[in-house]
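Colleague: sequence and computational prediction follow.
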Amino acid sequence: MRAHVVTFGCQMNEYDTHAIQSELAGLGYSLVEDYHDADLVLVNTCAVRGKPVEKANTLLGELRKQKQQRGGHLTIGLMGCLAQLPEGQRMGKKFNVDIMLGPGAITEIVPAIEKGRFQSFEFKSELQFYSPPPPQGAISANLTIMRGCNHRCTYCIVPMTRGDEVSRPAADIIQEARALYAAGVQEVTLLGQNVNSYGLDLGTGMRRKHLDGYPSFGALLRMVGRTGIPRLRFVTSHPINFDDEIMEAIADTPAVCRYIHLPVQSGSNRILKRMAREYTREFYLERVSRIRQLLPDATITTDIIVGFPGESEEDFQQTFALYQEVEYDTAYLFIYSEREGTAAQKHFDDIPKAVKTERLGRLIELQKQLSLQQNQKWVGREVEVLINGAAVEEGFVQGHTRGNHVVMLEGHLPPGIHQAQVLHATPNRLYCRAVGADAPLSQAHIKGGRSLPILPTKGLS
Ligand code: SF4
């Protein structure tokens with residue numbers, strides 16, 4: 001039996017996909033690259049934004065056709081947040097989907113396939129965590145430390161699909177981190193909707209207490225940082241929970257990469273209030289200035305939603321000005337898309353598409369300028385690069401720095417950690433050459449008639 005799993009969405013979905021694939025392998029399925037060759041196709045979809053939902057809709061339509069052409073001999077599954085929502089349930093019926101499983105029910109995949117029935121599970125907290133075996137040959141891996149979210153941003157469906165925060169015991173996290181490191185993984189990303197409030201779901205009161213076995217997120221970073229993993233990352237952070245203790249843990253723990261993704265969503269207090277983000281523009285800027293103080297070389301990135309209902313030109317200009325003030329390294333910029341069942345639906349989506357697109361265009365231009373400016377600061381400096389990708393440009397291998405800058409490194413170095421010097425920067429990439437033990441030999445170093453190629457400098461100035 002052959003299976004194919006498609007992922008539309010975030011890192012949480014990717015992690016879930018890896019767990020689904022492990023479950024399928026245990027059932028004797030071989031995984032195939034092309035869904036046309038599969039007997040079972042699972043579509044694991046995030047539903048936070050409209051794009052992945054549209055993609056899932058299109059794919060499910062194609063799969064339904066395939067199923068008809070094969071006389072019904074194709075099993076189709078819809079998984080992830082979308083399967084949990086009324087929108088997903090309607091799609092499941094429309095496209096004749098066989099298996100429907102929400103994100104809390106990954107481990108139910110085996111009985112669901114065996115029964116082959118259309119089913120939809122309610123959110124089940126006891127099914128939330130699992131430890132899939134380390135991905136074979138992987139240099140980077142994700143590790144879920146908590147699920148769900150206690151915030152209630154008005155545009156977001158996550159609390160509806162993944163429920164309230166549930167933290168995983170620290171001992172299990174450490175054990176999984178050690179297993180990943182032993183399997184050769186060099187970089188682990190701790191995942192959660194709001195990792196900063198790790199462990200707080202277990203306490204009560206205004207100053208919620210951490211119970212035994214559930215340290216604060218700052219303490220957890222220090223603990224995982226001692227497992228030997230060379231690089232440790234985490235996403236996503238909520239500004240309200242990004243406290244000094246976390247920043248101090250990052251500063252004190254060499255393994256933790258100084259890459260802070262701090263979603264702001266809007267620079268206008270009026271819109272932040274409508275979004276129920278729980279902080280003001282001033283609070284956010286104070287957190288950023290504290291990061292700059294404690295972690296001066298940190299990369300800071302963000303998420304911004306353009307065209308939230310009621311966003312005036314003045315509101316947008318405050319977002320634009322905040323972007324300039326923070327000087328983000330880069331940002332994920334989105335046009336607001338209404339999600340069924342969210343509180344924001346009660347606001348009329350009153351910003352014309354053309355206005356949203358024009359505002360997005362202005363931010364993209366600013367992003368290009370600032371990303372270039374920020375990347376140029378690295379030219380001439382030495383950086384650590386983790387090579388983990390195939391070359392997308394001839395003569396280079398791809399990797400990323402500790403600050404998460406995408407790197408094009410000259411030559412054909414193997415996956416792993418290398419030292420490099422930045423030669424040239426674009427808004428999206430740093431072009432580098434290896435230094436130290438990995439440095440290419442120049443003609444001056446060639447002895448005994450053994451000639452090594454001078455590595456190309458294509459694309460460099
Ligand atoms: S913090 Fe807000 S946007 Fe993030 S998952 Fe929670 S509710 Fe959604």
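Modeller: Sure thing, it's come through.

Colleague: remind me which residues of the stretch 51-200 of the chain are low pLDDT?
Modeller: For the stretch 51-200 of the chain, the stretches with pLDDT under 70 are 116-128, 135.

Colleague: got the residues of it near the ligand?
Modeller: Contact residues, the stretch 51-200 of the chain versus the ligand (Cβ under 6 Å from any ligand atom): 149, 151-153, 156, 158-159, 193-194. C-betas here are computed from N, CA, C, even on glycine.

Colleague: 5 Å - rerun?
Modeller: Along the stretch 51-200 of the chain, the residues adjacent to the ligand under the rule Cβ under 5 Å from any ligand atom are 149, 151, 153, 156, 158, 193.

Colleague: secondary structure, distance to Pro134 and neighbour count for those residues - can I get that in TSV?
Modeller: Formatted as TSV, these follow (DSSP: H, G, I helix; E, B strand; the rest coil; distance: Cβ to Cβ, whole Å; neighbours: other Cβ atoms under 10 Å):
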residue	secondary structure	distance to Pro134	neighbour count
Cys149	coil	27	22
His151	coil	31	17
Cys153	coil	33	21
Cys156	coil	31	21
Val158	helix	27	23
Gln193	coil	23	22
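
Colleague: please enumerate the strands of the stretch 151-300 of the chain.
Modeller: Assigned by DSSP state E, counting those that start in this stretch, the stretch 151-300 of the chain shows strands spanning 166-167, 187-191, 231-235, 259-261, 299-306.

Colleague: other residues contacting the shortest one?
Modeller: It stands for strand 166-167. For strand 166-167, the external contacting residues (Cβ atoms under 8 Å, 6 or more residues apart in numbering) are 125, 128, 145-148, 198-202, 214.

Colleague: domains for this structure, by residue range?
Modeller: 2-124, 126-376, 382-445 (automatic domain parsing).

Colleague: any weak-confidence spans in the stretch 251-400 of the chain?
Modeller: 389-391.

Colleague: who touches the residue lying closest to Leu190 once chain neighbours are set aside in this structure?
Modeller: Closest residue to Leu190 apart from its sequence neighbours, by Cβ to Cβ, 6 or more residues apart in numbering: Phe234 at 4.2 Å. Residues counted as contacts of Phe234 (Cβ under 8 Å, 6+ apart) are 189-192, 195, 217, 221, 256.

Colleague: of those residues, buried ones?
Modeller: 189-192, 195, 217, 221, 256 (16 or more other Cβ atoms under 10 Å).

Colleague: out of these, who's nearest the ligand?
Modeller: Within those, the smallest distance to the ligand is 9.3 Å, found for Gly192 (Cβ to the nearest ligand atom).

Colleague: touching, that closest one and Met146? I think so.
Modeller: Yes - using Cβ atoms under 8 Å, Gly192 is in contact with Met146, at 4.0 Å.

Colleague: joint contacts of those two?
Modeller: Counting by Cβ under 8 Å, 6+ apart, the residues touching both Gly192 and Met146 are Tyr198.

Colleague: out of the residues of the stretch 51-200 of the chain next to the ligand, which two sit at the greatest distance?
Modeller: Greatest spatial distance among those (Cβ to Cβ): Cys153 and Gln193, at 10.4 Å.

Colleague: shared neighbours of these two, anything?
Modeller: With Cβ under 8 Å, 6+ apart, Cys153 and Gln193 have no common neighbours.

Colleague: how about Ala138: what's its closest non-neighbour residue?
Modeller: Here the residue nearest Ala138, using Cβ to Cβ, 6+ apart, is Val185, at 5.9 Å.

Colleague: the strands in the stretch 351-461 of the chain, which residues?
Modeller: Under DSSP E, counting those that start in this stretch, the stretch 351-461 of the chain gives strands at 382-389, 396-400, 406-410, 416-425, 429-434.

Colleague: got JSON lines for these, with distance to Ser268 too?
Modeller: Converted to JSON lines, these look like this (distance: least, Cβ to Cβ, whole Å):
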{"stretch": "strand 382-389", "distance to Ser268": "36"}
{"stretch": "strand 396-400", "distance to Ser268": "32"}
{"stretch": "strand 406-410", "distance to Ser268": "31"}
{"stretch": "strand 416-425", "distance to Ser268": "31"}
{"stretch": "strand 429-434", "distance to Ser268": "32"}
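
Colleague: of all those, which lies closest to the ligand?
Modeller: Comparing the strands of the stretch 351-461 of the chain under Cβ to the nearest ligand atom, the one sitting nearest is strand 396-400, at 24.0 Å.

Colleague: can you report how many residues lie near the residue of the stretch 301-450 of the chain found nearest the ligand?
Modeller: Residue nearest to the ligand within the stretch 301-450 of the chain (Cβ to the nearest ligand atom): Asp303, separated by 8.5 Å. Residues within reach of Asp303, counting by other Cβ atoms under 10 Å, total 14.

Colleague: pretty sure it is touching Tyr328, no?
Modeller: No - applying Cβ under 8 Å, one finds Asp303 not in contact with Tyr328, separated by 10.4 Å.
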